[in-house]
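**Q** okay, sequence plus prediction incoming.
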Amino acid sequence: MNLDNTTEVKNIEPLELKSLIDSNQKFFLVDVREKDEYSFCKINNSILCPLSDFIESIKSAKLDKKSRIILYCHHGKRSLKAANYLIEEGYDDIYNLMGGIDRWSLEVDDSVERY
């Protein structure tokens, strides 16, 4: 299974994600960074599925292919790879957080540590 595909992915800006969170809409927020990064900082209520073990982690999470899934990483490159993979696997409503957790910290929640 190829994580380096170029399938088009929908993007979401940090402030758009904040609006979704505030509106209590149902979606899954998936962090594809590694465990040490996740333990350092994270967006609340996210699910960890590290890119290094993404295929197994996402299967274990048992997310419905019709669910809205928003992926993020440090700056957005790893989550883009993961989003492409999910689209290839038939997931319908996949988004990549533009600028990742770093931009989230700068624009939405400065209590999230930057690195």
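**A** Everything's here; your move.

**Q** shaky segments in the protein?
**A** Along the chain, the model assigns pLDDT under 70 to residues 1-7.

**Q** give me the longest helix you can find in it.
**A** Counting by DSSP state H, the longest helix found in the chain is helix 77-88.

**Q** now do it: distance to the chain's middle.
**A** 9 Å (Cα atoms, centre = their mean, to the nearest Å).

**Q** packing partners for that helix?
**A** Here helix 77-88 touches helix 54-61, strand 68-72, strand 93-97, going by 3 or more Cβ pairs under 8 Å, 6 or more residues apart in numbering; DSSP states H and E. Using the backbone N, CA and C atoms, a C-beta is placed for each residue, glycine as well.

**Q** will you turn these into CSV that also has distance to I21 and mean neighbour count?
**A** Below are the helices and strands packed on helix 77-88 laid out as CSV (distance: least, Cβ to Cβ, whole Å; neighbours: other Cβ atoms under 10 Å):
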stretch, distance to I21, mean neighbour count
helix 54-61, 19, 15
strand 68-72, 10, 26
strand 93-97, 12, 22
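
**Q** S19: which of these is closest?
**A** Between S19 and the helices and strands packed on helix 77-88, the shortest separation by Cβ to Cβ is 12.1 Å, and it involves strand 68-72.

**Q** and the residue nearest the centre of the chain, how close does it get to E89?
**A** Centroid-nearest residue in the chain: L71, 1.3 Å away (criterion: Cα atoms, centre = their mean). For L71, the distance to E89 equals 13 Å [Cβ to Cβ, to the nearest Å].
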